[in-house]
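# 3D model of this:
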Amino acid sequence: MQRALAVVEPTETAKTLLREAGELSAGVDAELILVYGTTEEEYNERREDMARIPDIDTTYSLDQALDGARRFAKDMGRDVLTDVDVDWEAVGRIGEKADEVLALADERDCDHIFIAGRDRSPTGKAFFGDDTQRVILDAEVPVTVLTAHDNV
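A predicted model of the protein is given here:
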């Protein structure tokens with residue numbers, strides 16, 4: 001492993017996964033890229049909410065959304081990886097989670113992906129779709145998944 005991608009989210013499972021990704025990356029002297037993504041739907045909802053605030057200029061640009069996502073990833077890195085000797089970089093993305101994770105892994109030549117999953121039934125995965133499952137199936141590199149169940 002030379003460069004890994006860790007998907008960060010505001011969950012305890014994702015923090016545990018990030019810690020493990022950091023320690024594994026440090027152990028093999030690999031770089032670690034942290035990514036937090038916002039969907040286009042979430043971005044549009046926030047932009048519309050901001051536009052409703054009267055009497056002040058409250059435009060919410062795509063650049064602001066990307067910067068906010070990057071800052072969230074950076075804050076998670078500082079919080080979780082403070083005592084781990086690993087080189088890491090924070091990145092923000094806007095779009096569908098699986099698409100953005102796979103595209104970033106490809107763009108940055110990542111050779112491993114770390115992502116938190118959710119405990120779902122097979123029916124739930126088939127009916128609602130599952131970003132983690134799609135990353136596992138479509139990634140051309142190894143994927144490590146930690147679920148809340150694994151984290152207990």
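# partners of the residue nearest to residue 118 when sequence neighbours are not counted in the sheet?
Spatial nearest neighbour of residue 118, chain neighbours left out: residue 147 (6.5 Å); criterion: Cβ to Cβ, 6 or more residues apart in numbering. All C-beta atoms are positioned from the backbone trio N, CA, C, and that covers glycine. Beta-bridge partners for residue 147, by DSSP bridges, are residue 117.
# Would you mind listing the residues in contact with residue 147?
13, 116-119 (Cβ atoms under 8 Å, 6 or more residues apart in numbering).
# Can you say which of those residues are buried?
Buried subset of these (neighbour count, 16 or more other Cβ atoms under 10 Å): 13, 116-118.
# wait, which of those is closest to residue 34?
Nearest to residue 34 out of those is residue 116 (Cβ to Cβ; 12.6 Å).
# For the closest one, give its distance to residue 61.
For residue 116, the distance to residue 61 (Cβ to Cβ, to the nearest Å) stands at 29 Å.
# And residue 70, by the same measure?
Distance from residue 70 to residue 61, by Cβ to Cβ: 14 Å.
# Could you check which of those two is surrounded by more residues?
For residue 70 versus residue 61, neighbours defined as other Cβ atoms under 10 Å are more numerous around residue 70 (18 against 11).
# Please identify the helix or strand for the more buried one.
Per DSSP states H and E, residue 70 falls inside helix 62-80.
# May I see the buried residues of that helix?
Result for helix 62-80 [16+ other Cβ under 10 Å]: buried residues 65-66, 68-70, 72-74, 76-77, 80.
# Give the full set of residues in contact with the nearest residue to residue 132 once chain neighbours are set aside.
Sequence neighbours aside, residue 117 is the residue nearest to residue 132 in space, at 4.1 Å (criterion: Cβ to Cβ, 6+ apart). For residue 117, the contacting residues are 130, 132-133, 145-147, by Cβ under 8 Å, 6+ apart.
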